[in-house]
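Q: Structure for this input, please:
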Amino acid sequence: MASLVQLHVGRARAQTQPPVLPRPAEYSSDGFVVLRARPGHAPLRGGEQTETAIWGYDGRVPGPLLRIRQGEELRTRLINELPQPTVIHWHGIRLPNAMDGVPHLTQSLIESGKSFDYRFIAPDAGTFWYHAHHYSSEQLAHGLYGPLIVDERTPPEIDQDILLVLDDWRLDANGAIQEASPGAMHGPAHLTANGRPRLDMPVAVNDRIRLRLINAASARIMPVRIAGHVPYIVAIDGQPAEPFPADASRVVLAPGNHADLFIDATGEPGSIAPDRDRGLRTARRRDCPAGLRRTGAPAGEPFAGAAAAAG
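A: Reported below is the predicted structural model:
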């Protein structure tokens, strides 16, 4: 079975093409990120296959990457260009109730053609995400979600910061979303990472990678196994953890879960690190050395201080 994600290691990152990552958000003249919830199309099946009609922020999936520093204010203006009302929920963020995006409880619905301004201070650093919270089985399953990163005041030392938003889709033979059960719990599904059926991640030999994982699926549990490596979990659902190795190199994400891992790019030449569903492949150069650790970190303490940095 073809790999969903491939990790390519070479002498230098410039030897391979950069991965398809969520694009950064654009700001308006008044300092607001403007998100337009609207129909769009996405190459969920890749290649020359017909693109799938989706609903997305700015018409794409995942939506734009929102990124601020811990303690800063995020200002987002949502413009609803969908044929039904919607709201945005900020998953895992501590914020005032009025900004939490729960319809009929913390805010009124944003009707078609209307807008709403979200403003809040991000008190915690970590990996989070935002998504629709009205008719979630329909709107979320059609692609209305995006990543939010709150950077630490003093970030940890890494070589690459890679974000993967995982999802599954119920598509018919023509690549269209099955409207009868877009977020069904069981049955075959089409898996994507950052809205693509296959994703290449170029890294250099001896890179230390911060891998941010978000499970945006509405019902599927996503097990990610990185064989031949020892990923250390440093944050769970945006909350820092004392770094600990993943059991059997495997991380299991329930729907809505998100986690941060530190991974050193080591392994035998040509090694393959599959996950359960589709696979994470590590293609290595024959001259790739082993013995990778961060400068200044003594052997046996590969991620000392990571939890403090994540706070």
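Q: neighbours around the residue lying closest to Arg198 once chain neighbours are set aside, how many?
A: Nearest residue to Arg198 in three dimensions, chain neighbours excluded: Gly46, at 6.0 Å (C-beta to C-beta, 6 or more residues apart in numbering). Using the backbone N, CA and C atoms, a C-beta is placed for each residue, glycine as well. For Gly46, the neighbour count with other C-beta atoms under 10 Å is 14.
Q: I figured Gly46 was touching Leu199, is that so?
A: No - the criterion here is C-beta atoms under 8 Å, and Gly46 misses it with Leu199 at 9.7 Å.
Q: returning to that earlier point: does the residue nearest to Arg198 belong to a helix or a strand, and which?
A: For Gly46, there is no host helix or strand (DSSP states H and E).
Q: Can you mark which positions in stretch 151-158 are buried?
A: Glu152, Pro156, Ile158 (16 or more other C-beta atoms under 10 Å).
Q: Please report phi then psi for Ala98.
A: Ala98 adopts backbone torsions of phi -60, psi -20, taken as degrees, to the nearest 10.
Q: Surely it is in contact with Gln107?
A: Yes - the criterion here is C-beta under 8 Å, and Ala98 meets it with Gln107 at 6.3 Å.
Q: So for the two, which sits in the more crowded spot?
A: A direct count of neighbours by other C-beta under 10 Å for Ala98 and Gln107 places Gln107 higher, at 19 against 11.
Q: Next, work out how far apart that one and Val252 are.
A: The gap separating Gln107 from Val252 is 33 Å, by C-beta to C-beta, to the nearest Å.
Q: Equivalent analysis for His258, please.
A: 12 Å.
Q: Among the two, which residue is more densely surrounded?
A: Neighbours were counted for His258 and for Val252 using other C-beta under 10 Å; His258 has more, 25 against 15.
Q: Does Pro240 touch Val234 like I think?
A: Yes - contact criterion C-beta under 8 Å: Pro240 and Val234 qualify, at 6.7 Å.
Q: which of the two has more neighbours?
A: More crowded of Pro240 and Val234, by other C-beta under 10 Å: Val234, with 22 against 19.
Q: name the element Asp167 belongs to?
A: In this assignment (DSSP H and E), Asp167 forms part of strand 160-169.
Q: From Arg94, how far off is the residue nearest to Leu164 when sequence neighbours are not counted?
A: Spatial nearest neighbour of Leu164, chain neighbours left out: Ala193 (5.0 Å); criterion: C-beta to C-beta, 6+ apart. Separation of Ala193 from Arg94 (C-beta to C-beta): 28 Å.
Q: ok, now Pro22?
A: Distance check for Pro22 against Arg94: by C-beta to C-beta, it reads 23 Å.
Q: Show me which of those two is the more surrounded one.
A: The residue with more neighbours, out of Pro22 and Arg94, is Pro22; 22 against 12, by other C-beta under 10 Å.
Q: Go ahead and confirm the more buried one touches Leu164.
A: No - contact between Pro22 and Leu164 fails when scored by C-beta under 8 Å: they sit 9.7 Å apart.
Q: which residues do the two both contact?
A: Common neighbours of Pro22 and Leu164 (criterion: C-beta atoms under 8 Å, 6 or more residues apart in numbering): Asn194.
Q: could you pull out the strands for the stretch 101-250 of the chain?
A: Applying DSSP state E, counting those that start in this stretch to the stretch 101-250 of the chain gives strands spanning 115-121, 126-132, 145-151, 160-169, 190-193, 199-204, 208-215, 222-225, 232-236, 239-245, 250-253.
Q: Quickly, which of these bottoms out on average pLDDT?
A: Across the strands of the stretch 101-250 of the chain, strand 199-204 has the smallest mean pLDDT, namely a mean of 74.
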